[in-house]
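Visitor: Sequence plus predicted model, see below.
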Protein chains: 2
Amino acid sequence: MLKVGIVGVGTVGTSVCKILEDNKDIITARAGIEIVPVAGVVNNLSKKRDVSIKLTDNPDDLLNDDSIDVIIELMGGVEEPYAVVKKALEKGKAVVTANKALLAYHRYELQAIAGDIAFEYEAAVAGGIPIINALRDGLTANHIESIRGIINGTCNYMLDKMINENIPYDIILKEAQELGYAEADPTFDVGGFDAAHKLLILASIAYGIDAKPEDILIEGIENISAEDIEFAKEFNYAIKLLGIAKKKDNKVELRVHSVLIPNDEMIAKVDGVMNGISVIGDKVGETLFYGAGAGGDATASAVIANIIDIARKGKGSPMLGFKKPLEDGLTLASKDDIETKYYLRMQVEDKSGVLAKVATILGNKNISIKTMLQKPCDKDKANLLLSTHTCKEKDIKEALSELESSGVVLSAPAMIRIEE
Amino acid sequence: MLKVGIVGVGTVGTSVCKILEDNKDIITARAGIEIVPVAGVVNNLSKKRDVSIKLTDNPDDLLNDDSIDVIIELMGGVEEPYAVVKKALEKGKAVVTANKALLAYHRYELQAIAGDIAFEYEAAVAGGIPIINALRDGLTANHIESIRGIINGTCNYMLDKMINENIPYDIILKEAQELGYAEADPTFDVGGFDAAHKLLILASIAYGIDAKPEDILIEGIENISAEDIEFAKEFNYAIKLLGIAKKKDNKVELRVHSVLIPNDEMIAKVDGVMNGISVIGDKVGETLFYGAGAGGDATASAVIANIIDIARKGKGSPMLGFKKPLEDGLTLASKDDIETKYYLRMQVEDKSGVLAKVATILGNKNISIKTMLQKPCDKDKANLLLSTHTCKEKDIKEALSELESSGVVLSAPAMIRIEE
């Protein structure tokens, strides 16, 4: 019998207990032994919960209990769970976590502390999709060329509704909050930070890159306008918030932002609250992994898969996928050096000479225009929508700033990166 | 250093050697030790090959070489590779195979022979997609409700071209043969047998079902007509060849056949020569795995992932996913008891009373009609296209036979199952 203690018995923790009971037959057959949740930690002991395990408000009660083999960390936050997980590992207990923030900040320290103790985290990225498994064990023969993930269901749900049902941002945000997809303070989701945490975990497994959230480009979906959506539809693009990792020689770009992406790409077809991750390997080509990225049962499905793995093998694969560092390892590309295509939207005066001035500013920064579309809006004003060929982030940023101060555009230009 | 011997150095074997060399840096970092191909077996020693390993035409040279740790079986066929793999396992060598036919017939015997020796086969289903990994390790908390796989790229390529470019079956088959997607004798692919082998492997991992190809319903794509394609487009269906496993209570339906499937399902969007497998778990909901199902490098990517796993852990998960049998295990549903919806097409005389007669024959078998469409074709004749609500395979088969002998239809009715 494998005894499990759960630190943080909320939605996911309750699902873990329930599934271990509901699916005991198949879980025992697959694991070889029975997996039994025996105790849980909650903040508020007086709140009624739908589990039959012994509850305490002190994690030490579980950490000091030698009969508990595996600690499931579902607390949320960073430093508190770090202390709990560290202590559990030091006591020789296997650990399973669904905590992406913890890993975004402390995955390498935890790997060192874990050593030969199993430390698993399938649920931390894309909920029920076994993407850690795929990347850490399934695609290991490959140099990973890119990862492009729809790894925040809230943003994907909102963008889907904004584009396919023309619902404005504010209204759909409120709906997402009512449905429980978005928090009261939605910044963490709509600002791209949640996706960034997950991207950093994937980038460690794919590239051995140790970066922190503050090291990488993170933008959200707050600035997508009705004009941008119209442009996207006209040119057969979807708009998605992607976590992107791309290898170029010995550098890896890591970034989270919304993109225009051709509708016929498989990942552009991932709609609603679902998650999808496209991984391109140099040998396997493109693979894509799709499923529910959140929700109690889907997340618990991943947590329990990890527990079964521990029951079967003790420690499995190396925590972050590498048994030893890559020689001449990869390093993080500077934000300035990111290279992609861009869509720009700006309001200009509808008079002669304006187009030439815009084109000159872009041309001076080596930005070459691919498509341009001018649409009249108010009297004497026009919306100028254009897309570029591949150019450098630094050049685009400088050009946007020059455009803004040049007097030819009437307000700050909008920019969305194009992914194709 | 882990030494590897390859029995069958064709396209995939050559890719294995090449990738172990090309990607030695990342493979060694992930595996922890160097993986080196040292010897290979070929039928014809005089044929020039693009590998630098020592070649022999006798598998025993590798099997009796104690310095070889892992045997990679890439011979094709069933009984010959069975003998080689059995001997390798008995000698204590780990084995990796890409051979779906071998596994379709002998997976349970091989599991018993392997015991504590690693025996891996990720490449046997859907080439480069780590679906064995996902099903065996990633989704273990779930009772699997269904698996629906596009697991034959040849058929998917042909159907895509037939539907989206209106190319007739015979012409696209010839093109597929020229592109190397289909064999000179294409029966194995277009008849559904290749997909059936793969489905049986997946069904073992998901359900612990030991069935053989001859036990299950296998149909191909040979009978899809232009009229069926027109109907599919009109009602917003894709046509796909699916390997389907579905659990209903304690029975599992296993079947391979073409289906009409709504265009908005994620798996309906898997086009061209690509593979995609949708797995629905009772807790995780739908997950989908997409990628290249064939090709030397994609298949070798899966083979090498298995070798890396062996280098990391020796034996990993139980070969077919179960440490012990499921109590009150599942059994294969009879072909007659399959339940689904059906599309029927028949040519009838365009005169009064015919429709009533068709409806009566169907009604007598408890087959309830959902949509019906009558289209005039030649003079005095009409095509009758109809779809049913869910009914039993046995009833449909009997109704089709009665319709054929009733005199109201002018030739044998066509049938495609509907998957929704």
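Guide: Happy to help now that I have it. Residues are numbered from 1 along each chain as shown, chains lettered A, B, ... in the order given.
Visitor: In the stretch 201-350 of chain A, which residue sits closest to chain B?
Guide: Nearest to chain B in the stretch 201-350 of chain A, going by CB to the nearest CB, is residue A:323, at a distance of 2.9 Å. Backbone N, C-alpha and C define where each C-beta goes, glycine included.
Visitor: Excluding chain neighbours, what is closest to that residue?
Guide: Using CB to CB, 6 or more residues apart in numbering or on different chains and skipping residues adjacent in sequence, the residue nearest residue A:323 is residue B:32, 2.9 Å away.
Visitor: The one you found against residue B:309, yeah?
Guide: No. Residue B:32 is not in contact with residue B:309 according to CB atoms under 8 Å; the separation is 11.4 Å.
Visitor: which of those two has more neighbours?
Guide: Higher neighbour count among residue B:32 and residue B:309: residue B:309, with 26 against 14, using other CB atoms under 10 Å in any protein chain shown.
Visitor: Which neighbouring elements make contact with the helix or strand that contains that one?
Guide: Taking DSSP states H and E as the definition, residue B:309 sits inside helix B:296-313. When contacts are defined as 3 or more CB pairs under 8 Å, 6 or more residues apart in numbering or on different chains; DSSP states H and E, helix B:296-313 sits against strand B:2-7, helix B:11-22, helix B:24-31, strand B:35-41, strand B:70-73, strand B:94-97, strand B:119-120.
Visitor: next structured bit after it?
Guide: Per DSSP H and E, helix B:296-313 leads on to strand B:331-332 as the next helix or strand towards the C-terminus.
Visitor: Briefly note if that next one comes near chain A.
Guide: No. Contact between strand B:331-332 and chain A is absent, the nearest approach being 15.2 Å (criterion: CB under 8 Å from any CB of the partner chain).
Visitor: for chain B, what are the nearby residues on the stretch 51-200 of chain A?
Guide: Counting by CB under 8 Å from any CB, the stretch 51-200 of chain A comes close to chain B at A:122, A:128-130, A:133-134, A:137-143.
Visitor: Quick check: the farthest pair among those residues?
Guide: Based on CB to CB, the longest span within those runs between A:128 and A:143 and measures 27.5 Å.
Visitor: The helix holding residue B:309 - what's its average pLDDT?
Guide: For helix B:296-313, the mean pLDDT works out to 98.
Visitor: I'd like to check the angle between that helix and strand B:35-41, please.
Guide: Helix B:296-313 runs at 120 degrees relative to strand B:35-41, counting by axes from the mean of the first three to the mean of the last three CA atoms, to 10 degrees.
Visitor: Output helix B:296-313 as CSV, nothing but the C-alphas.
Guide: What follows is helix B:296-313, C-alpha atoms only, in CSV (Å, rounded to 0.1, in the frame of the first residue of the first chain):
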residue,chain,number,x,y,z
GLY,B,296,12.2,7.0,-41.0
ASP,B,297,13.2,9.9,-38.8
ALA,B,298,9.8,10.2,-36.9
THR,B,299,9.8,6.4,-36.3
ALA,B,300,13.4,6.4,-35.2
SER,B,301,12.6,9.3,-32.8
ALA,B,302,10.3,6.9,-31.0
VAL,B,303,12.7,4.0,-31.1
ILE,B,304,15.5,6.2,-29.6
ALA,B,305,13.2,7.6,-26.9
ASN,B,306,12.8,4.0,-25.8
ILE,B,307,16.5,3.4,-25.8
ILE,B,308,17.1,6.5,-23.7
ASP,B,309,14.4,5.3,-21.3
ILE,B,310,16.3,2.0,-21.0
ALA,B,311,19.6,3.8,-20.4
ARG,B,312,18.0,5.9,-17.7
LYS,B,313,16.0,3.4,-15.8
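Visitor: what's the spacing between it and its chain's center?
Guide: Centre-to-centre, helix B:296-313 and its host chain are 20 Å apart (CA atoms, centre = their mean, to the nearest Å).
Visitor: so how far is chain B from residue A:6?
Guide: Distance, residue A:6 to chain B, by CB to the nearest CB, to the nearest Å: 15 Å.
Visitor: which residues pair with that residue across the strands?
Guide: In this structure, residue A:6 bridges to residue A:40, residue A:72 when assessed by DSSP bridges.
Visitor: Can you report how many residues lie near it?
Guide: Residue A:6: 30 surrounding residues under other CB under 10 Å.
Visitor: and the residue nearest to residue A:323, what pLDDT?
Guide: pLDDT for residue B:32: 97.
Visitor: on that earlier part again, pretty sure the residue of the stretch 201-350 of chain A closest to chain B is in contact with residue B:312, am I right?
Guide: Yes. Taking contacts as CB under 8 Å, residue A:323 lies within contact range of residue B:312: 6.6 Å.
Visitor: Leaving out sequence neighbours, find the closest residue to residue A:268.
Guide: Excluding the flanking residues, the one nearest residue A:268 by CB to CB, 6+ apart is residue A:238, at 4.0 Å.
Visitor: C-terminal to the one helix or strand the one you found maps to, what's the next element?
Guide: Per DSSP H and E, residue A:238 falls inside strand A:237-248. Using DSSP H and E, the helix or strand that follows strand A:237-248 in sequence is strand A:251-262.
Visitor: what's the helix or strand following that following strand packed up against?
Guide: Note on strand A:251-262: by DSSP H and E, the next helix or strand toward the C-terminus is strand A:274-281. If you count contacts as 3+ CB pairs under 8 Å, 6+ apart, strand A:274-281 packs onto strand A:144-150, helix A:153-164, strand A:285-292.
Visitor: Deepest in the core, which of those is it.
Guide: With neighbours defined as mean count of other CB atoms under 10 Å in any protein chain shown, the helices and strands packed on strand A:274-281 peak in mean count at strand A:285-292, which reaches a mean of 26.
Visitor: And that strand, how far out from the chain middle?
Guide: For strand A:285-292, the distance to the chain centre is 14 Å (CA atoms, centre = their mean).
Visitor: what would the helices and strands packed on strand A:274-281 look like in TSV with mean pLDDT?
Guide: Rendered in TSV, the data for the helices and strands packed on strand A:274-281 read as follows (pLDDT from 0 to 100):
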stretch	mean pLDDT
strand A:144-150	98
helix A:153-164	97
strand A:285-292	98
